[in-house]
Structure formats: C-alpha cells, structure tokens
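Participant: Requesting a structural model of the entry that follows:
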Amino acid sequence: MTHDEVRALLLSFPGVEDGTSYGQPSYKVAGKFFTWLRPQLDDSIVVHLDNQHERDLLIEMDPATFHFTDHYRDYPIVLARIATVDPVWLKAALDRRWRKVAPKSLSKQHPRLTGTGSGA
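Facilitator: Residues are numbered from 1 along each chain as shown. So this is what the prediction gives:
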C-alpha cells in the first residue's frame with residue numbers, strides 16, 4: 001500500500017480525522033485515539049489486536065510485514081509495514097479497532113461497521 005492509500009482507508013471510517021501523536025501522524029475517531037503511523041519504524045502503521053498471541057502468529061507467518069519493538073512488547077499491538085501489508089487484512093483489523101473506540105452514538109449511525117464481520 002502507499003501512504004495515500006492508507007490515509008484514504010483510515011479516513012473512510014466515520015468520524016476519523018487527522019492528528020498528531022508523539023510527533024507522528026495519527027488518527028482519531030470522534031476525538032478518541034484510533035491509530036498512528038510510525039515512519040521511523042520501517043514505515044509502519046500501528047495495529048491494535050485482540051491479544052499478543054495473534055501478534056506472534058502474524059509475525060511468524062509474515063515477518064517481512066509484521067514486527068514490533070520492545071516498547072510494544074507488553075501490549076496487543078503489531079507494527080505493519082505499509083509497503084507490504086495486505087489491504088484486506090488491514091481494513092478488517094481497522095474495522096475491529098473502529099468498533100472498539102467509536103462512540104456508541106456514532107456506531108449506531110453506521111451499523112454496517114458494528115457487526116462481527118469485517119464491516120464496510
């Protein structure tokens with residue numbers, strides 16, 4: 001993926017807007033933290049997962065795309081290299097994250113993103 005494609009994907013989620021966190025490009029949904037980009041870490045996007053086991057499996061299956069640093073060791077977070085991440089996988093992971101952080105009032109306005117499937 002390109003940076004423009006990742007940005008377009010992130011902004012396609014309702015209520016998501018550009019921001020900055022720790023000096024890096026970030027995205028919030030209705031003012032709540034959604035994700036951020038880490039250009040200095042192999043040009044990656046931070047992806048929140050359900051658990052660390054999922055992270056370990058992703059890294060084992062595709063170490064060219066997925067990695068993490070010691071900073072994220074104790075969190076269910078993986079770094080995904082933008083150039084090689086699968087767009088379908090990234091969208092599904094971001095769908096799950098959006099459902100967790102979006103306010104209920106916003107979720108109700110977009111029920112296609114609040115089910116158990118991959119969303120939009």
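Participant: Give me the residue ranges of this protein where confidence is low.
Facilitator: 110-120 (pLDDT under 70).
Participant: what are the ranges of the strands in it?
Facilitator: Taking DSSP state E, the strands of the chain run over residues 16-21, 24-29, 32-38, 44-48, 66-67, 77-81.
Participant: Need the residues that contact stretch 50-59.
Facilitator: For stretch 50-59, the surrounding residues in contact (Cβ atoms under 8 Å, 6 or more residues apart in numbering) are Leu49, Thr65, Phe66, His67, Phe68, Tyr75, Pro76, Ile77, Val78, Arg96. For every residue, glycine as well, the C-beta is placed using N, CA and C.
Participant: Grab the most central residue of the chain for me.
Facilitator: Most central in the chain under Cα atoms, centre = their mean is Val47, positioned 3.8 Å from the mean C-alpha point.
Participant: contacting residues around Gln109?
Facilitator: Pro14.
Participant: okay, now Arg55: neighbour count?
Facilitator: Taking other Cβ atoms under 10 Å as the criterion, the count of residues near Arg55 is 23.
Participant: Next one: it from Arg73, what distance?
Facilitator: Noted for Arg55: a distance of 10 Å to Arg73, by Cβ to Cβ, to the nearest Å.
Participant: want to try a markdown table for the strands of the chain, with distance to Met1 as columns?
Facilitator: Formatted as a markdown table, the strands of the chain follow (distance: least, Cβ to Cβ, whole Å):
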| stretch | distance to Met1 |
| --- | --- |
| strand 16-21 | 17 |
| strand 24-29 | 15 |
| strand 32-38 | 12 |
| strand 44-48 | 9 |
| strand 66-67 | 14 |
| strand 77-81 | 9 |
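Participant: and His3, which of these is closest to it?
Facilitator: strand 32-38 (7.8 Å; Cβ to Cβ).
Participant: okay, the closest one in CSV with CA atoms only?
Facilitator: Extracted as CSV, the C-alpha positions of strand 32-38 are listed here (Å, rounded to 0.1, in the frame of the first residue of the first chain):
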residue,chain,number,x,y,z
LYS,A,32,-10.6,9.1,20.7
PHE,A,33,-7.3,7.6,19.6
PHE,A,34,-7.6,5.2,16.6
THR,A,35,-4.1,4.6,15.3
TRP,A,36,-0.9,6.2,14.2
LEU,A,37,1.9,5.9,11.7
ARG,A,38,5.5,5.2,12.7
